[in-house]
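Asker: Any chance you could fold what I've pasted below:
(one chain, ligands or ions: 2)
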Amino acid sequence: MPQPAAHHTPRYRSPYQTSSAASRPEPQSRMLAVASRTRDKSAPTILSLAMPFLLTTATGTATSPRPLIPSSPRRQNPTTPHLRPPPPARRLPGFPAAEPGAPFLPRPPRRGMASLAATAAAAAAAEVTHLTQRDAAEIDEQLMGPLGFSVDQLMELAGLSVAAAVAEVYKLSEEHTRVLIICGPGNNGGDGLVAARHLYHFGYRPSVCYPKRTPKPLYSGLVTQLESLSIPFIPAEDLPHDLSREFDIIVDAMFGFSFHGTPRPPFDDLIQRLISLSVIGNSDKKPAIVSVDIPSGWHVEEGDVDGGGIKPDMLVSLTAPKLCAKKFTGPHHFLGGRFVPPPILNKYGLKLPPYPGTSMCARIRKAPSVDISSLRENYISPELLESQVMPDPFDQFLRWFDEAVTAGLREPNAMALTTVNREGKPSSRMVLLKGVDKQTFVWYTNYGSRKAHDLSENPNAALLFYWNEMNRQVRVEGSVEKVPEEESEKYFHSRPRGSQLGAIVSKQSTVIAGREVLQQAYKELEHKYSDGSLIPKPEYWGGYRLTPTLFEFWQGQQSRLHDRLQYSQREVDGNTAWHIERLSP
Ligand SMILES: NC(=O)C1=CN([C@@H]2O[C@H](COP(=O)(O)OP(=O)(O)OC[C@H]3O[C@@H](n4cnc5c(N)ncnc54)[C@H](O)[C@@H]3O)[C@@H](O)[C@H]2O)[C@H](O)CC1
Ligand SMILES: [K+]
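Answerer: Ligands and ions are numbered 1, 2, ... in the order given. Got it, this is the predicted structure:
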């Protein structure tokens, strides 16, 4: 590792130095979790979205780059065929013909982003259909009759939905590992057995309590599958006295929509144990209760009639919520069972939230509001040691970048670019890195944009890569120049034609009257170049490249003892070398 010359004066300014707005300000960006209070200092700030955010401050400063992931996901072209509404379903005897574009047909959200889908789901929550007990049973019969499903199939999908929803809310972590699944005698119990298997494969440690086993091959097969994974089966009478100590999550898969009357032994006692869990004020360490389809013991339509029933933290409704779900007041309501075909949707006029992307579950009610100051992720990562990193920060960046690509992160080349204008005012936006080599980071944009104006006044910029799923962040700071025109030209013509037209249409960062302005201009250009002829690159479009003077590799660790390794440039014997230092988290 190159060592510093002791007398050297660093070329960057410490983040703790105060800024001098008069000189060229250098932007610095880092990801923070919102932990401050905005207006009323006495009241906690409550927001409904938990988002890390980028804080930028400003202080008082060629070779052909490696193209990044050539097949990296591009923005969806609005005319992409797979985004069209699904074709009308074939008419089946006993079912009305599907109306194309009927308002209740769940359409795939345009983008697989959970946040977008969650917003859509929240908006739709008010009008989600709730089924009567009779309709629920009838739909079940139709799925397994004229619609060609088998019970095994539906149960598999239902159980997978439950496991997916559990994993989405109670992310696998030290606090959420041990799951007790209590299974009843019917299909609700079967869903629980399936969920146990998936949770095991997701990395959780499930245990199953299945006191009334159904002697049918479907159920004994599910039990055998769990036994082959060495998942413990705990008799009801052997369950630990204090469930809170032994389990982080309890899945209630005792009764579903066929429940009638009052629960009989041993389920009466099991339900009572879950009730006392929610009643006792040991809020310090109370397992989360997740009910499958119906909170067991609740009336399927009336809900928790006397108010003394289970109060689950989460409900995963299957196919569609049953009437009792209207009485569910817990923080997490999900829909599972992504198998409902249009004949059922149409016949019962079902309005259901769209499933995001390829997810097996969809949030019905919007995520609960949270006190932002309480949001805290306890990062678990391998240690990042000085002895493990590459001497050259570009090599280290490429190593981490390749790992982010391998991990399947969405747009790992997305980076926050922070620029600062002449007055020292910073601005940030996300851009896509399009190339990196041993000297520079390259991206393309509109030379009329705000970032371009800032850069023309002040060439200093900061890049920030945030790979949340890997608990990693990379900061890069340096100075920026335009890439040679031929390079921009070459890259422009490598882009999809739609993106080329989009670049011409957008006079970036200028005020426009409405979306139609863009659509109209796009349409005209599309027509103009419909013969496939070369689309000329507009002169106001091109690339920039940043030559770094500073890198920081951050890896989140437990108890906020994060790793921060900073690379800065030092002159050693007349040569510039990268010097690595550890910064306090
Ligand atoms: N189409 C779907 O939505 C699918 C849902 N699935 C799940 O199946 C259940 C409904 O299953 P079913 O077997 O009809 O009924 P239950 O599991 O609710 O339980 C019936 C079981 O319980 C006994 N029972 C009824 N009342 C009592 C009582 N008071 N005390 C004791 N025992 C009682 C009854 O005798 C039966 O043995 C649905 O909710 C979903 O979870 C499918 O897995 C997939 C398709
Ligand atoms: K249940």
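Asker: Next, the buried residues of the longest helix seen in the chain.
Answerer: Criterion DSSP state H: the longest helix present in the chain is helix 151-169. Buried residues in helix 151-169, counted by 16 or more other C-beta atoms under 10 Å: 154-169. C-beta: built from backbone N, CA, C; applies to glycine.
Asker: Kindly report the same for stretch 452-465.
Answerer: Quick answer for stretch 452-465 (16+ other C-beta under 10 Å): A452, H453, D454, L455, N458, P459, N460, A461, A462, L463, L464, F465.
Asker: same question, stretch 505-517
Answerer: Going by neighbour count (16+ other C-beta under 10 Å), the buried part of stretch 505-517 is V505, S506, K507, Q508.
Asker: Point out where the chain drops to low pLDDT.
Answerer: Residue ranges of the chain with pLDDT under 70: 1-24, 32-53, 59-90, 97-126, 279-284, 366-378, 380.
Asker: Any residues of it in contact with ligand 2? List them.
Answerer: D252, S291, V292, I294, S296 (C-beta under 5 Å from the ion).
Asker: Which parts of the protein are helices?
Answerer: Using DSSP H, helices in the chain cover 114-125, 133-144, 151-169, 187-202, 217-228, 243-246, 267-279, 342-347, 393-406, 450-457, 485-494, 497-505, 515-528.
Asker: circling back: counting contacts, what elements does the longest helix of the chain pack onto?
Answerer: helix 133-144, helix 187-202, helix 217-228, strand 249-253, strand 288-292, strand 314-318, strand 332-336, strand 361-363 (3 or more C-beta pairs under 8 Å, 6 or more residues apart in numbering; DSSP states H and E).
Asker: ok, 6 Å please
Answerer: In terms of contacts (3 or more C-beta pairs under 6 Å, 6 or more residues apart in numbering; DSSP states H and E), helix 151-169 is packed against helix 187-202, strand 314-318, strand 332-336, strand 361-363.
Asker: Out of these, flag the one nearest ligand 1.
Answerer: helix 187-202 (3.1 Å; C-beta to the nearest ligand atom).
Asker: List the buried residues for that closest one?
Answerer: 187-200.
Asker: can you redo those as TSV with distance to T419?
Answerer: Converted to TSV, the buried residues of helix 187-202 look like this (distance: C-beta to C-beta, whole Å):
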residue	distance to T419
N187	58
N188	56
G189	59
G190	57
D191	53
G192	54
L193	56
V194	52
A195	49
A196	52
R197	51
H198	46
L199	46
Y200	49
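Asker: check those residues against ligand 1, which are close?
Answerer: Cross-checking these against ligand 1 (C-beta under 6 Å from any ligand atom) gives N187, N188, G189, G190, D191 as the overlapping residues.
Asker: tell me, how many neighbours does the closest residue to F149 other than its chain neighbours end up with?
Answerer: Distance criterion C-beta to C-beta, 6 or more residues apart in numbering; nearest residue to F149, sequence neighbours excluded, is L143 at 4.6 Å. Neighbour count of L143, defined by other C-beta atoms under 10 Å: 22.
Asker: picking up where we left off before, make a markdown table from the helices of the chain and add distance to L54 to it.
Answerer: Formatted as a markdown table, those follow (distance: least, C-beta to C-beta, whole Å):
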| stretch | distance to L54 |
| --- | --- |
| helix 114-125 | 16 |
| helix 133-144 | 46 |
| helix 151-169 | 25 |
| helix 187-202 | 31 |
| helix 217-228 | 45 |
| helix 243-246 | 39 |
| helix 267-279 | 39 |
| helix 342-347 | 41 |
| helix 393-406 | 18 |
| helix 450-457 | 14 |
| helix 485-494 | 26 |
| helix 497-505 | 25 |
| helix 515-528 | 27 |
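Asker: Can you tell me which of those is nearest to C361?
Answerer: Among these, helix 151-169 comes nearest to C361, with 4.0 Å by C-beta to C-beta.
Asker: What is the burial count for G349?
Answerer: Neighbours of G349 using other C-beta under 10 Å come to 11.
Asker: For T177, see how far away it is.
Answerer: 41 Å (C-beta to C-beta, to the nearest Å).
Asker: which residues touch the closest residue to ligand 1 within the stretch 1-150 of the chain?
Answerer: Closest residue of the stretch 1-150 of the chain to ligand 1, C-beta to the nearest ligand atom: D140 (4.0 Å). Taking C-beta atoms under 6 Å, 6 or more residues apart in numbering, we find D140 in contact with no residue.
Asker: mind running it again at 8 Å?
Answerer: Residues counted as contacts of D140 (C-beta atoms under 8 Å, 6 or more residues apart in numbering) are L154, F257, T319.
Asker: same question, Y466
Answerer: Y466 neighbours (C-beta under 8 Å, 6+ apart): M31, P52, A416, R472, Q473.
Asker: Show me what it bridges to in the sheet.
Answerer: Listed by DSSP bridges, the beta-bridge partners for Y466 are Q473.
Asker: follow-up on the earlier one: orientation of the longest helix of the chain relative to helix 187-202 in degrees?
Answerer: 50 degrees (axes from the mean of the first three to the mean of the last three C-alpha atoms, to 10 degrees).
Asker: right, is helix 151-169 up against ligand 1?
Answerer: Yes - shown here: helix 151-169 in contact with ligand 1 (C-beta under 6 Å from any ligand atom) through L154, M155, A158.
Asker: Which one of these is nearest to ligand 2?
Answerer: Of all the residues of helix 151-169 next to ligand 1, A158 has the smallest distance to ligand 2: 11.3 Å, by C-beta to the ion.
Asker: Touching, the closest one and D191? I think so.
Answerer: Yes - counting by C-beta atoms under 8 Å, A158 touches D191, with 4.5 Å between them.
Asker: which neighbours do the two share?
Answerer: With C-beta under 8 Å, 6+ apart as the test, A158 and D191 both reach V292, D293, L318.
Asker: Those also near ligand 1: which ones?
Answerer: V292, D293, L318.
Asker: now, among those residues, which is nearest to ligand 2?
Answerer: For these, the nearest to ligand 2 is V292 (4.4 Å; C-beta to the ion).
Asker: Report the contact partners of F255.
Answerer: G184, G186, N188, P263, F267, I294, S296, G297.
Asker: Could you tell me how many residues sit around the residue nearest to it when sequence neighbours are not counted?
Answerer: Closest residue in space to F255, ignoring its immediate chain neighbours: S296 at 4.4 Å, by C-beta to C-beta, 6+ apart. Other residues lying near S296 total 24 when counted by other C-beta under 10 Å.
Asker: And the one 5 residues further on, by the same measure?
Answerer: When neighbours are counted by other C-beta under 10 Å, E301 registers 18.
Asker: when you give positions from now on, start the count at 16
Answerer: All set: I'll call the first residue 16, so the last point we hit is now E316.
Asker: give the contact list for it.
Answerer: Neighbouring residues of E316 by C-beta under 8 Å, 6+ apart: T147, Q148, K337, L338, C339.
Asker: and of those residues, the nearest to L448?
Answerer: K337 (48.4 Å).
Asker: Isn't the closest one up against A151?
Answerer: Yes - using C-beta under 8 Å, K337 is in contact with A151, at 5.7 Å.
Asker: Which residues are in contact with each of these two?
Answerer: F272, V315.
Asker: S273 - nearest residue in space that isn't next to it in sequence?
Answerer: Closest residue to S273 apart from its sequence neighbours, by C-beta to C-beta, 6+ apart: G201 at 5.9 Å.
Asker: same thing with M170?
Answerer: Per C-beta to C-beta, 6+ apart, closest to M170 is G205, 4.7 Å.
Asker: do I197 as well
Answerer: C224 (4.7 Å).
Asker: What residues does the protein have near ligand 1?
Answerer: Going by C-beta under 6 Å from any ligand atom, the residues of the chain near ligand 1 are 154-155, 158, 169-170, 173, 199-206, 270-279, 282, 307-309, 333-334, 352.
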